[in-house]
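> Provide a 3D model corresponding to the input given below.
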Amino acid sequence: MADWLATWWPLVASGVATIAAIAASIHAVLNKREARAAALWVAVIVFLPLVGALAYLLLGVNRIARAGVRVRGGMKRYAHAAPAALGADGLRARLAPADAHLAEIGLAIERTGRWELVPGNRVEPLRDGDQAYPAMLAAIDGATRSVALLTYIFDSDAAGLRFVDALARARDRGVEVRVLVDDAGARYARPTIDRLLRRRGVPVARFLPVLIPWSLNYANLRNHRKVLVVDGALAFTGGMNIRHGCVLAEAPAAPTRDLHFRLAGPVVTELMDVFAEDWTFATGEELDGTRWFPAAQQVAGDAIARVITDGPDADLDCMRWALLAGLAAAHRSVRVVTPYFLPDEALVTALNLAALRGVEVDLVLPARGNLRVVDWAMQGELWKVLEHGCRVWLTPPPFDHSKVMVVDGVWTLLGSTNWDPRSLRLNFELGVECYDPELATAVEALVAERVASARRLVAADLAARPWPVRLRNATVRLLSPYL
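Numbers count the residues shown, from 1 in each chain. This is a model prediction of the structure:
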């Protein structure tokens, strides 16, 4: 036996390595979208026998999108009809002549997403938890039929307990209440909020619970959406979690600035559809009837709006297409506020091209974030958008968690999405596109306040940093796809 092994094991090992290399190379060539990435992986696979194929298996195969499709591919989809829905032509007819070009954004989103553009909405910005939480709590206390709450982080702190009390009061007076919290987000505080809600008799569930927190695929596939819908007629959405840090007037230990939005009108039905889909997926319970979906939504304002859902399932890349469409259509200005800025090359190119076309492009980012490694990676990437005229503004503390984009003073994109790979490729996100000069003016005023207190970053600032710092940042940015 020993002689046989000595004679044949090199041939067997060589055969296994060859088969593994061929199989991995074929997979890379067929599945990698970029030719350079495919060529690089084939080179690694060929010149590092077995090790290269193993590295490709562990790092080169995109399991996230496949896992997303697997876990949610057969889920129930909700889509209540919107009788007054607009197509791109209808949108163009309602825009002022100087803004008609923005209908191109609506056409692109119409072709890449699955929700309809509806008129008759009112959308109002709410600053920090100081404005957003009282408005949300008042809406819950005024509910007569239903309350649906979906959030990523829901802490059991002073702010969270106010929501627990309001939800329990609604439940006690006969209102149908459902609360869905992401499993990872629920773990930020002890005791976990679902335990407290269950004690008060409030129906609550976790999205994609796992036995091992942060395990492989399910460290991604998180539900990062934030939605509150009351009586199927009033909604709140944006980027704000439920935690005491957002209430700046109470001087929290870790203060966080943020923006949230109150919405009324037909777009609320689309937000309720999103909640119902996620709730049914998490629990198996289907939500329907006039408690959740009123027979008709009242006209509430002049905003034309549409929900955009994004995630590593059937909605993959919908938000990325929306960002690219907004940048491509801009004629005058682009304002972006985001806490995490790690755009891919397509978004970098679109930002730079907009600036080269003469569009004012302002990127408003925190001077110091809440994740040090992400800060370093951002600093290693910013030179890409500075070299062609984009303006970068770094805002002082407190940390700004706001997520909003405004194009040409008319089109506003709000929601939960960050400009980073985790939001745009790995997690479930929600946004709302709005065509409304009044809303855009209000949001741009908030952006202008941030810029007024910010420091402008220029390319010379990056070049002046000590080389160890530049080397650290340039090295950490290589991890951008995984941050």
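
> Lys403 versus Lys226, what's the distance?
In this view, Lys226 and Lys403 are 10 Å apart by CB to CB, to the nearest Å. (Each C-beta comes from the backbone N, C-alpha and C, glycine too.)

> Then Ser416?
The spacing between Ser416 and Lys403, counted by CB to CB, is 7 Å.

> How about Leu208?
Applying CB to CB to Leu208 and Lys403 gives a distance of 22 Å.

> Show me what the helix or strand harbouring Arg450 is packed against.
Using DSSP states H and E, Arg450 maps to helix 437-452. Packed against helix 437-452, as judged by 3 or more CB pairs under 8 Å, 6 or more residues apart in numbering; DSSP states H and E, are the following elements: strand 118-127, strand 333-337, strand 360-366, strand 391-395, strand 404-407, strand 411-415.

> quick one on the thing from earlier: shared neighbours of Ser416 and Lys403, which are they?
By the contact definition CB atoms under 8 Å, 6 or more residues apart in numbering, Ser416 and Lys403 are jointly contacted by 238-239.

> circling back: the helix holding Arg450 to strand 333-337, inter-axis angle?
Between helix 437-452 and strand 333-337, the angle formed by their directions is 60 degrees, by axes from the mean of the first three to the mean of the last three CA atoms, to 10 degrees.

> which residues sit against the helix or strand just after helix 437-452?
Using DSSP H and E, the helix or strand that directly follows helix 437-452 along the chain is strand 455-457. Strand 455-457 is touched from outside by 367, 382, 386, 391-394, 396, with contacts defined as CB under 8 Å, 6+ apart.

> which one of those residues sits closest to Phe341?
Proximity of those to Phe341 was ranked by CB to CB; the top entry is Leu382 with 7.6 Å.

> beta partners of the residue nearest to that closest one when sequence neighbours are not counted?
Residue nearest to Leu382 in three dimensions, not counting chain neighbours: Val392, with 6.0 Å by CB to CB, 6 or more residues apart in numbering. Here Val392 sits in beta bridges with Leu363, Leu457, as judged by DSSP bridges.

> ok, Val392 to Ala367 distance?
According to CB to CB, Val392 and Ala367 sit 11 Å apart.

> how far out from the middle of the chain is the one helix or strand Leu180 maps to?
Of the helices and strands defined by DSSP H and E, Leu180 is found in strand 176-182. Mean-position distance between strand 176-182 and its chain equals 19 Å (CA atoms, centre = their mean, to the nearest Å).

> repeat for stretch 294-301
From the chain centre to the centre of stretch 294-301 is a distance of 27 Å (CA atoms, centre = their mean).

> And the contacts of it?
Residues outside stretch 294-301 that contact it (CB under 8 Å, 6+ apart): 119-123, 231-233, 264-266, 268-269, 436.

> ranking these by neighbours, who comes first?
Note: the member of the contacts of stretch 294-301 with the most neighbours is Val268, at 29 neighbours, neighbours being other CB atoms under 10 Å.

> Name all residues that make contact with that one.
Val268 makes contact with 121, 229, 232-235, 297, according to CB under 8 Å, 6+ apart.

> Closest one of these to Ala377?
The closest of those to Ala377 turns out to be Ala235 (CB to CB; 33.8 Å).

> mind checking the SS state of Arg262?
Here Arg262 is recorded as strand under DSSP: H, G, I helix; E, B strand; the rest coil.

> Would you quantify the distance from the residue nearest to Asp408 when sequence neighbours are not counted to Val359?
Distance criterion CB to CB, 6+ apart; nearest residue to Asp408, sequence neighbours excluded, is Arg332 at 4.8 Å. When CB to CB is the yardstick, Arg332 and Val359 sit 6 Å from each other.

> Looks like the residue nearest to Asp408 contacts Asp362 (just checking).
No - taking contact to mean CB atoms under 8 Å, the distance of 11.9 Å between Arg332 and Asp362 leaves them out of contact.

> what about these two, which has more around it?
Asp362 (21 against 13).

> what are the ranges of the strands in the stretch 101-250 of the chain?
118-127, 146-151, 176-182, 204-207, 227-230, 234-238 (DSSP state E, counting those that start in this stretch).
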